[in-house]
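# I need the structure of the sequence given here:
(one chain, ligands or ions: 1)
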Amino acid sequence: MPKAPFSASQDILRRVDKTFKAFFGRCKAGKKAGYPRFKSRRRFDSYTFPSYGDGCRLTGTRLYLQGIGHIKVKLHRPVDGVIKTVSVKREAGKWYVCFSVEYAVEALPGIETKVGLDIGLTDFATLSTGETIANPRHSRKAQGQLRIAQRRVARRQRGGRNRRKAVLLLRKAHAHVKNQRADFQHKTARTLVNTYGVIAVEDLNIKGLASGMLAKSVNDAGWSGFLTKLAYKAAEAGRTLIPVDPRGTSQTCLCGAEVRKTLAQRWHQCPDCGLSAARDHVSAQLILGLGLSLLGVT
Ligand SMILES: [Zn+2]
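Numbering: from 1, shown residues only. Model (predicted):
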């Protein structure tokens, strides 16, 4: 067994420590605790070198890892910035290297454009401009294939070689969906950040909504993942992202009147001012209005 560098071994202890701290934290909070699971060799899928240069070094497209040797890496883009840590991970039968880097952010030139975003179920989002972003529903589309792959695993004998092969195929199918979703989220967030100076979004309690009836669609849309990406991209670009409490935004009109709608009613018709528009479009405009008023206060 080749010797691992000291700092990388420390990192494993750090992970265990983090796991147990989280576990005791959950115990204290009175939540369902869930004792940490032992990670066997098969489950242990990544390895971190917490300080670049200590047991790892990248020269051109060759990565040196202590105890492993030199490996050729396919850099999908040049490493930008100063490398801080290096992680090697295994996912669906492939190996990846992640470099965390420190680099100077460059704010985009400021613009006056403002937008409100309403989270949808039929559409991914509706903008206050009236545009909609279609929901790609990757996992719904892939569901048939995932089911077949899952069934294949279930039918193989436990511990068998064929089962291992089937598991690999299943993992690949899941990884594909995951990649598609991340790609969509990155691109959508990027477009919004490039186009708008101020972005108001619903501060959704995703957990509350996701556990309900609409769970599948909300999870599928991957809102929390999207919002995280949007938040850091906005911060880097010097844009303003305002989370807004969305309560009432689906039941109010732009004129302030209350217009009750059930979830099935997709059209907004105000008896007071006569406004007639798509429900999500009205909500998006209200969210923008709330966001701007918050911005005025702070
Ligand atoms: Zn009205």
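
# Next, give phi and psi for Lys56.
I think there's a mix-up here, since residue 56 is Cys and not Lys. phi -150, psi 140 (degrees, to the nearest 10).

# buried set for the longest helix anywhere in the chain?
For the chain, the helix with the greatest residue count under DSSP state H is helix 161-195. For helix 161-195, burial by neighbour count (16 or more other C-beta atoms under 10 Å) applies to 163, 166-167, 169-171, 173-174, 177-178, 181, 184-185, 188-189, 192-193. Every C-beta, even on glycine, is put in place using the N, C-alpha and C of the backbone.

# residues contacting the closest residue to Gln265 other than its chain neighbours?
Closest residue to Gln265 apart from its sequence neighbours, by C-beta to C-beta, 6 or more residues apart in numbering: Arg279 at 6.8 Å. For Arg279, the contact set (C-beta atoms under 8 Å, 6 or more residues apart in numbering) comprises Ser250, Lys261, Gln265, Arg266, Trp267, His268.

# State the phi and psi torsions of Arg279.
Taking degrees, to the nearest 10, you get phi -50, psi -50 for the backbone angles of Arg279.

# Averaged over its residues, which helix or strand of the chain has the lowest pLDDT?
helix 206-210 (a mean of 49; mean pLDDT, DSSP states H and E).

# Please enumerate the strands of the stretch 101-250 of the chain.
114-119, 123-127, 132-134, 198-202, 240-244 (DSSP state E, counting those that start in this stretch).

# Trp223: which of those strands is closest?
Smallest distance to Trp223 across those (C-beta to C-beta): 5.9 Å, for strand 114-119.

# is it true that Gly81 touches Ser100?
No: look at Gly81 against Ser100 with C-beta atoms under 8 Å: they stay out of range, at 9.3 Å.

# What about the ion: which of the buried residues of helix 161-195 touch it?
The subset of the buried residues of helix 161-195 within reach of the ion, by C-beta under 5 Å from the ion, is empty.

# and whichever strand or helix holds Val88, what does it pack onto?
Using DSSP states H and E, Val88 sits in strand 82-91. Packing contacts for strand 82-91, counted by 3 or more C-beta pairs under 8 Å, 6 or more residues apart in numbering; DSSP states H and E, involve strand 46-49, strand 56-59, strand 62-65, strand 94-102.

# For the last one, name the packing helices and strands.
Contact analysis of strand 94-102 by 3+ C-beta pairs under 8 Å, 6+ apart lists strand 82-91 as its packing neighbours.

# Now Val79: closest residue in space, sequence neighbours ignored.
Closest to Val79 by C-beta to C-beta, 6+ apart is Phe99, at 5.6 Å.

# Please name the residues that touch that neighbour.
Leu58, Val79, Ile83, Thr85, Val86.

# Could you pick out the buried ones from these?
Leu58, Ile83, Thr85, Val86.

# From start to finish, how long is stretch 148-162 in a straight line?
With C-alpha to C-alpha, to the nearest Å applied, stretch 148-162 spans 15 Å between its terminal residues.

# circling back: quick one: the longest helix of the chain to chain centroid distance?
Its chain's average C-alpha position is 11 Å from that of helix 161-195, according to C-alpha atoms, centre = their mean, to the nearest Å.

# Likewise for stretch 233-240?
Centroid separation between stretch 233-240 and its chain, computed with C-alpha atoms, centre = their mean, is 17 Å.

# correct me, but Asp118 touches Asp280?
Yes: with contact defined as C-beta under 8 Å, Asp118 counts as touching Asp280 (4.7 Å).

# Need the residues touching each of these two.
Here Asp118 and Asp280 have Thr126 as joint contacts, going by C-beta under 8 Å, 6+ apart.

# my guess is Ala92 contacts His174, does it?
Yes: Ala92 is in contact with His174 according to C-beta under 8 Å; the separation is 7.3 Å.
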